[in-house]
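Enquirer: Mind folding the following:
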Amino acid sequence: MSIAVFCRLKPSNKQYEGIELDKQDDCDFIKMHVTKEHQDIIDHTKQDFKFKFTKVFAADTPQEDIFTHLAKPVADNVLEGYNGTVFAYGQTGSGKTFTITGGAENYNQRGIIPRTLEYLFQYFEDHPDREYQAHVSYLELYNEVGFDLLGQEDSINHMEDLPKIKLMERDNEVFLNNLSLKPVETSEQALDALFVGDTNRMIAETPMNMASTRSHCIFTIHIKSRGTGGSVWRKGKLHLVDLAGSERIKKTNVEGILLKEAKFINLSLHFLEQVIVALGEKSRHHIPYRNSLLTSVLRDSLGGNCKTTMIATMSSESGNLAESISTGRFSQRVALVKNDARLNEELDPKLEIRRLKQEVSSLKAEIALLQGDVDMSVTLTEEEIENVHKQVDDYITAKEGDGVSLTFGDMRKIQCANSYFKKLVETAREHARPQTTDNDNSDDNSSAKTSNSADMDALRNLLEQRDNEIRILVAKLRRERSLHGVSDDKSRGNTPTIHAAPSTTTTTRELSPEEKRKYLNAFKQENEAYTMLEKTKSTLKILYAQAQTLGQEVQQAKDIISEIKAHIQQHQQEHFQENVQQGLETGVVEDPILDEMHGELTVCQTAYKEKVGNLRSLKREIDHLKHLFEKQKVQFQKQFQAYLDERTSLPQEEN
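Expert: Next up, the predicted model:
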């Protein structure tokens with residue numbers, strides 16, 4: 001199975017006219033015409049290039065279409081028990097991180113990772129016939145060193161505090177030692193892990209990109225599933241890879257740490273291309289996976305047990321034409337690579353042993369029952385009756401798939417269990433009878449409203465929790481500043497200081513609250529991050545108001561449904577005795593009033609389900625914007641701290 005290769009063009013106000021899209025029924029082509037004025041093309045004799053892709057996404061393609069065509073089929077394969085990989089490749093600033101992670105402006109800019117997480121957990125919810133377990137990990141490869149982005153938060157002050165990953169091989173398989181697997185049960189927990197990892201990720205400003213990711217990052221989702229009561233687990237893992245962008249040093253003119261990072265990035269991408277070339281040559285027997293950490297980690301994704309998809313991000317500007325052609329050539333080589341994806345299944349020995357023991361116990365009980373060795377005239381003891389009741393209770397409370405069943409080899413115990421079942425059913429009916437008094441109806445309505453109020457309180461508590469997390473991150477950042485000084489090149493998330501004076505050091509003077517407020521007001525006026533922060537905050541307020549209104553509408557619809565059900569039950573009770581007295585069978589007599597009420601109930605239930613669905617969608621949008629707000633808040637705090645340090649630094653001569 002060959003690797004599927006897609007292409008996405010980055011929007012630009014200066015789009016080069018020599019790029020043309022040629023869409024076919026089964027594939028798309030990109031044609032590039034190079035004029036003689038471009039002197040940085042390697043082959044100056046060739047002016048026309050043509051690259052074939054599974055599909056080419058135009059510059060105005062929404063993120064939803066990218067996910068539907070690119071990532072959703074891979075996610076479906078992982079749910080079936082296969083390994084999958086989606087990775088983005090292209091020059092720096094061409095839109096790889098935007099495609100994989102998403103933008104920070106609005107909810108519709110969510111990238112492949114958050115959309116995949118939402119899709120997977122919605123799939124879990126829609127398929128209760130299978131049991132699912134999910135774990136996530138977040139690996140960063142920075143300067144050929146692996147770091148765990150989901151390491152212990154309380155011990156992280158800068159890059160070196162992140163747990164380092166050790167690569168190990170056994171039986172031709174790669175294992176990442178010290179990489180944490182975080183269990184997640186909801187999409188919110190998974191998105192929290194993504195936010196924590198993105199906060200720790202190395203980002204810097206370069207001439208080609210104001211927020212350039214300086215490392216390769218691999219977000220992995222591990223999924224295990226089995227049928228209800230089954231002992232065979234299906235296992236799949238999905239790698240979502242955001243590769244750092246290649247860049248030409250002569251064009252960017254970076255120096256210092258940025259130059260060192262660019263060298264490591266370009267070298268690892270060079271080794272990646274070597275592996276791709278070797279996999280495309282049938283005569284090659286050795287594939288140089290061990291040349292770099294990146295190719296070692298992606299061994300299964302490239303020519304191994306995996307269904308892989310690649311998206312090439314290209315700039316459509318004339319100044320980046322050489323890099324776009326290089327990306328197109330790399331894509332054509334990747335399309336030649338064939339993977340051997342296999343279904344990953346394993347038998348759980350504990351579950352299989354428990355199932356076999358259960359089967360043996362059931363067969364023994366069946367044999368005893370058929371032999372009829374039990375004296376029915378002897379009554380059961382109190383201890384035996386309690387044991388039967390306990391087995392019935394365990395059977396009722398057990399979940400599907402736990403392997404709990406009722407096996408009695410004694411007819412007396414079967415009759416005892418039947419009597420106990422009947423008693424439990426009668427007790428449940430007593431509790432389930434509708435209350436017809438006005439006081440009880442008012443209690444039901446008040447309890448429903450209390451439930452709705454509790455949901456709103458839960459949302460507020462969640463927001464307060466997120467604010468506390470942000471304050472913790474800010475406190476850690478300030479502690480790092482105070483411990484290591486403002487010129488600390490190891491601080492993550494900030495542009496490293498390249499030109500530092502060798503003979504002096506800097507300290508910062510303490511500021512009064514009035515001075516800090518003055519600097520803050522000045523910084524707000526000239527900082528774009530603050531504008532974005534306020535925009536997201538305003539959007540959240542609007543969405544909270546919409547959620548509150550929609551929640552009230554849901555509660556009203558719920559009250560109407562409860563009222564209609566009460567009227568239906570009252571109507572049935574009133575006419576039941578009348579039908580019995582007339583000798584009419586229940587269900588035979590036509591009742592147009594009852595039919596009308598049932599029709600009204602159906603309409604109200606449909607409207608209620610629609611409103612609940614809209615409320616859930618709105619909640620997902622609010623959760624996503626809260627994550628964006630937190631990231632923007634952290635970014636603003638970092639930039640403001642750097643702004644303060646720059647204006648309050650005091651140079652001191654070294655002794």
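
Enquirer: Show the contacting residues for residue 605.
Expert: With contacts taken as C-beta atoms under 8 Å, 6 or more residues apart in numbering, residue 605 has the following neighbours: residue 561. Bear in mind the C-beta positions are built from the backbone N, C-alpha and C, glycine included.

Enquirer: From residue 611, how far out is it?
Expert: Between residue 605 and residue 611 the distance, using C-beta to C-beta, to the nearest Å, works out to 11 Å.

Enquirer: Check residue 151 too.
Expert: Counting by C-beta to C-beta, the gap between residue 151 and residue 611 amounts to 42 Å.

Enquirer: same deal with residue 9?
Expert: Distance of residue 9 to residue 611, computed by C-beta to C-beta: 39 Å.

Enquirer: Comparing those two, which residue is more hemmed in?
Expert: residue 9 (23 against 18; other C-beta atoms under 10 Å).

Enquirer: would the more buried one count as being in a strand?
Expert: Yes. Assessed by DSSP: H, G, I helix; E, B strand; the rest coil, residue 9 belongs to a strand.

Enquirer: what's across from it in the sheet?
Expert: Going by DSSP bridges, residue 9 is paired in beta bridges with residue 314.

Enquirer: What score does it have for pLDDT?
Expert: Turning to residue 9, the model gives it a pLDDT of 90.

Enquirer: in terms of contact, does it touch residue 59 like I think?
Expert: Yes. The pair formed by residue 9 and residue 59 meets the contact definition of C-beta atoms under 8 Å, at 4.7 Å.

Enquirer: Can you check which residues contact both of the two?
Expert: What both residue 9 and residue 59 touch, as defined by C-beta under 8 Å, 6+ apart, is the set residue 316.

Enquirer: Spatially central residue in this protein, please.
Expert: Using C-alpha atoms, centre = their mean, the residue of the chain that lies closest to the mean C-alpha position is residue 117, 2.9 Å off.

Enquirer: Now do the contacts for that one.
Expert: Under the criterion of C-beta under 8 Å, 6+ apart, the neighbours of residue 117 are 187, 190-191, 194, 221.

Enquirer: burial of the nearest residue to residue 18 once chain neighbours are set aside, as a residue count?
Expert: The spatial neighbour of residue 18 that comes closest, neighbours along the chain excluded (C-beta to C-beta, 6 or more residues apart in numbering), is residue 33 at 3.9 Å. Neighbours of residue 33 under the rule other C-beta under 10 Å: 13.

Enquirer: now do residue 62
Expert: Per other C-beta under 10 Å, the neighbour tally for residue 62 reads 11.

Enquirer: Next up, the contacts around it.
Expert: When contacts are counted by C-beta under 8 Å, 6+ apart, residue 62 touches residue 108.

Enquirer: now swap in residue 568 and tell me
Expert: Residues counted as contacts of residue 568 (C-beta under 8 Å, 6+ apart) are 594, 597-598, 601.

Enquirer: Which members of these are positioned in helices?
Expert: When DSSP state H defines the helices, the subset of these inside them is 594, 597-598, 601.

Enquirer: Low-confidence bits of the stretch 401-550 of the chain, can you list those?
Expert: Across the stretch 401-550 of the chain, residues meeting the criterion (pLDDT under 70) sit at 401-405, 407, 409, 432-509.

Enquirer: likewise the stretch 251-400 of the chain?
Expert: Using pLDDT under 70, the stretch 251-400 of the chain drops low at 252-254, 351-352, 365-366, 368-377, 399-400.

Enquirer: redo that, cut-off 80
Expert: Counting by pLDDT under 80, the ranges of the stretch 251-400 of the chain that qualify are 251-258, 261-262, 280-285, 303-304, 318, 347-359, 361-380, 394-400.

Enquirer: Contacts made by the helix or strand residue 418 falls within with the rest, please.
Expert: Assigned by DSSP states H and E, residue 418 belongs to helix 411-432. With contacts defined as C-beta under 8 Å, 6+ apart, helix 411-432 is touched by 369, 374, 376, 378-380, 384-385, 388-389, 391-392, 396, 406, 408.

Enquirer: repeat that with 6 Å
Expert: Contact with helix 411-432 is made by 380, 385, 388-389, 392, 408, as judged by C-beta atoms under 6 Å, 6 or more residues apart in numbering.

Enquirer: Okay, buried residues for it please.
Expert: Taking 16 or more other C-beta atoms under 10 Å as the basis for neighbour counts, the residues of helix 411-432 that come out buried are 412-413, 416-417, 420.

Enquirer: before we move on, what SS does residue 165 have?
Expert: Assignment for residue 165 (three-state DSSP): strand.

Enquirer: Distance check, it against residue 48.
Expert: 44 Å.

Enquirer: Of the two, which one has the most company?
Expert: Between residue 165 and residue 48, counted using other C-beta under 10 Å, the more crowded position is residue 165 (21 against 9).

Enquirer: host element of the closest residue to that one other than its chain neighbours?
Expert: What sits nearest to residue 165 in space, not counting adjacent residues and going by C-beta to C-beta, 6+ apart, is residue 146, at 3.2 Å. Element membership for residue 146, per DSSP H and E: strand 145-148.

Enquirer: Can you give the strand pairings for that strand, parallel or anti for each?
Expert: According to DSSP bridges, strand 145-148 forms sheet pairs with strand 130-142 (antiparallel), strand 164-170 (antiparallel).
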